[in-house]
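Asks: Can you look at this prediction? I've put the sequence above it.
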Amino acid sequence: MKAHTEYLTFNTKKHREYINITEEVNAVVEHSKINEGMVLVSAMHITAGVYVNDAEDGLIKDIDDWLEKLAPFNPNYRHHRTGETNGDAHLKSLLMHHEVLVPITNGKLDFGPWQQIYYAEFDGQRRKRVIIKVMGE
Amino acid sequence: MKAHTEYLTFNTKKHREYINITEEVNAVVEHSKINEGMVLVSAMHITAGVYVNDAEDGLIKDIDDWLEKLAPFNPNYRHHRTGETNGDAHLKSLLMHHEVLVPITNGKLDFGPWQQIYYAEFDGQRRKRVIIKVMGE
Amino acid sequence: MKAHTEYLTFNTKKHREYINITEEVNAVVEHSKINEGMVLVSAMHITAGVYVNDAEDGLIKDIDDWLEKLAPFNPNYRHHRTGETNGDAHLKSLLMHHEVLVPITNGKLDFGPWQQIYYAEFDGQRRKRVIIKVMGE
């Protein structure tokens, strides 16, 4: 069994941002020389997410509106008594989840026709990281 | 380390459908001859989900009602400007998630008493696939 | 490849409870002697969750309020025709998810600065289990 690990760093211009990282994950899988296995893509922060869905700008805006509806910004979260203002970003992260595990077959991400990997930033404008770990043979 | 991969194909009669695939996943684990490891069960489409919960018809209807409440059909999603009408199916897929990872111990799914694996179709009546990849020894 | 499996048992005093299990998972990773790999932490029940987020009491109460808002207790779930009263606990489990996969690098959980692993009990006061399975080398 081999394992190969790399990290991505983000510092978004906007407070919330959705970034397609499929090419970056593909590159890490290539570097790993692993043909059969899985790659874990996981946010290292509790106010960010990683998900698989469509690379379509309208849908990304729909997702952002939907997250704001289900996990809205609100000045009154108890968490804000610590001095933070990002309670909504924690809830958005829980809703979208912080990790995906993608199968690798014949050295490639074994994806359907429209699957793309996104990093979802919910509390940006600061340094954040994602871990990409490949395991297999 | 060994890896073993199979695919399931679905073409549901209804637009939304919830299909128990536990037996199919069990069969793939048997084919793999893997005793200790994990099996990834992952939808290859962005309008479907895979989840673990109860095989109880009332609950499945409750889940369907709940998804329609939190991620409703709506003609006005921005995504529909592409000609699609399935914005809600993308959001339902994100809410339920498209993958589960199940532990394998002594050659069996290491599940609690009520855990069952479901494929959740949110935009059916067309060909869809699920990948099942087993890794271990 | 090595695999190492342990189980945690819970019997919470309250109906809903959020328990930080990061130290327990760390201990299992140490027992495994695995330096490079991944650890799966997965609830073995369909009315409980496992998630990664902040060890901050205010936020935990925010999460509990938010779950009750999005997946409320309600006497009228169809699932209750079976004699159960825990329909909301199933939906809360689906929303939070029942599993996380954590990368292991140099024998440690490869986490960002604030990431902690929680067991979320949504239908407690009875015996429940979590499986922790480490895979790697």
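Replies: Yep, that arrived. Residues are numbered from 1 along each chain as shown, chains lettered A, B, ... in the order given.
Asks: Tell me the secondary structure at the most centrally placed residue in chain A.
Replies: Ranked by distance to the mean C-alpha position of chain A (Cα atoms, centre = their mean), the top residue is A:Val50 at 2.0 Å. Per DSSP: H, G, I helix; E, B strand; the rest coil, the secondary structure class of A:Val50 is strand.
Asks: That one and A:Val39 touch, don't they?
Replies: No: the pair A:Val50 and A:Val39 fails to qualify as a contact (Cβ atoms under 8 Å) at a distance of 11.4 Å. All C-beta spots, glycine's among them, are computed from the backbone N, C-alpha and C.
Asks: quick check, the helix or strand encompassing A:Ile60 touching chain B?
Replies: Here A:Ile60, judged by DSSP states H and E, is contained in helix A:57-70. Yes: where contact is defined by Cβ under 8 Å from any Cβ of the partner chain, part of helix A:57-70 touches chain B, namely A:57-59, A:61-63, A:66, A:70.
Asks: Quick one: buried ones out of those residues?
Replies: Among the residues of helix A:57-70 next to chain B, those that count as buried by neighbour count (16 or more other Cβ atoms under 10 Å in any protein chain shown) are A:58-59, A:62-63, A:66, A:70.
Asks: out of these, which touch chain C?
Replies: Filtering these for proximity to chain C by Cβ under 8 Å from any Cβ leaves A:Leu70.
Asks: Make TSV out of the buried ones among the residues of helix A:57-70 next to chain B and add pLDDT.
Replies: Conversion of those to TSV gives the following (pLDDT from 0 to 100):
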residue	pLDDT
A:Gly58	98
A:Leu59	98
A:Asp62	98
A:Ile63	98
A:Trp66	98
A:Leu70	98
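Asks: can you pull out the helices in chain A?
Replies: Counting by DSSP state H, chain A forms helices over residues A:22-32, A:57-70, A:87-96, given from the N-terminal end onward.
Asks: correct me, but A:Asp110 touches A:Val102?
Replies: Yes: with the criterion set as Cβ under 8 Å, A:Asp110 and A:Val102 qualify as a contacting pair; they are 7.5 Å apart.
Asks: Which of those two has more residues huddled nearby?
Replies: Under the criterion of other Cβ atoms under 10 Å in any protein chain shown, the comparison of A:Asp110 against A:Val102 puts A:Val102 first, with 26 against 19.
Asks: what are the bridge partners for that one, then?
Replies: Beta-bridge partners for A:Val102, by DSSP bridges, are A:Val39.
Asks: give me every residue that touches A:Val41.
Replies: A:Val41 is in contact with A:21, A:25, A:50, A:99-102, A:117, A:130-132, counting by Cβ atoms under 8 Å, 6 or more residues apart in numbering or on different chains.
Asks: 7 Å - rerun?
Replies: A:25, A:50, A:99-100, A:102, A:117, A:130, A:132 (Cβ atoms under 7 Å, 6 or more residues apart in numbering or on different chains).
Asks: what does chain A put close to chain C?
Replies: Contact residues (Cβ under 7 Å from any Cβ of the partner chain) of chain A with chain C: A:1, A:3, A:5, A:40, A:42, A:44-46, A:70-71, A:77-79, A:81-82, A:87, A:90-91, A:94, A:97-99, A:101, A:129, A:131, A:133, A:135.
Asks: Drop anything exposed from those.
Replies: Of the members of those, the ones counted as buried by neighbours, 16+ other Cβ under 10 Å, are A:1, A:3, A:5, A:40, A:42, A:44-46, A:70-71, A:77-79, A:87, A:90-91, A:94, A:97-99, A:101, A:131, A:133, A:135.
Asks: Can you measure across stretch A:90-105, start residue to end residue?
Replies: Terminal residues of stretch A:90-105 lie 34 Å apart, using Cα to Cα, to the nearest Å.
Asks: now the helices of chain A as a markdown table including distance to B:Lys33?
Replies: Formatted as a markdown table, those follow (distance: least, Cβ to Cβ, whole Å):
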| stretch | distance to B:Lys33 |
| --- | --- |
| helix A:22-32 | 25 |
| helix A:57-70 | 41 |
| helix A:87-96 | 36 |
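Asks: Can you say which of these is nearest to C:Thr9?
Replies: helix A:87-96 (24.8 Å; Cβ to Cβ).
Asks: ok, now which residue in chain A is the farthest from the centroid?
Replies: Outermost residue of chain A (Cα atoms, centre = their mean): A:Arg81, 27.5 Å.
Asks: State the distance from A:Lys92 to chain B.
Replies: 11 Å (Cβ to the nearest Cβ, to the nearest Å).
Asks: Surely that residue touches A:Leu67?
Replies: Yes: the pair formed by A:Lys92 and A:Leu67 meets the contact definition of Cβ atoms under 7 Å, at 4.8 Å.
Asks: one step back: neighbouring contacts of the helix holding A:Ile60?
Replies: A:16, A:18, A:92, A:95, B:70-71, B:77-79, B:81-82, B:87, B:90-91, B:94, C:70.
Asks: Quick check: of those, which lies closest to C:Thr12?
Replies: Set against C:Thr12, the nearest of the contacts of helix A:57-70 by Cβ to Cβ is C:Leu70 (21.4 Å).
Asks: And that closest one, how close does it get to A:Glu68?
Replies: Look at C:Leu70 and A:Glu68: by Cβ to Cβ, to the nearest Å, they are 14 Å apart.
Asks: Kind regards, and thank you for your time.
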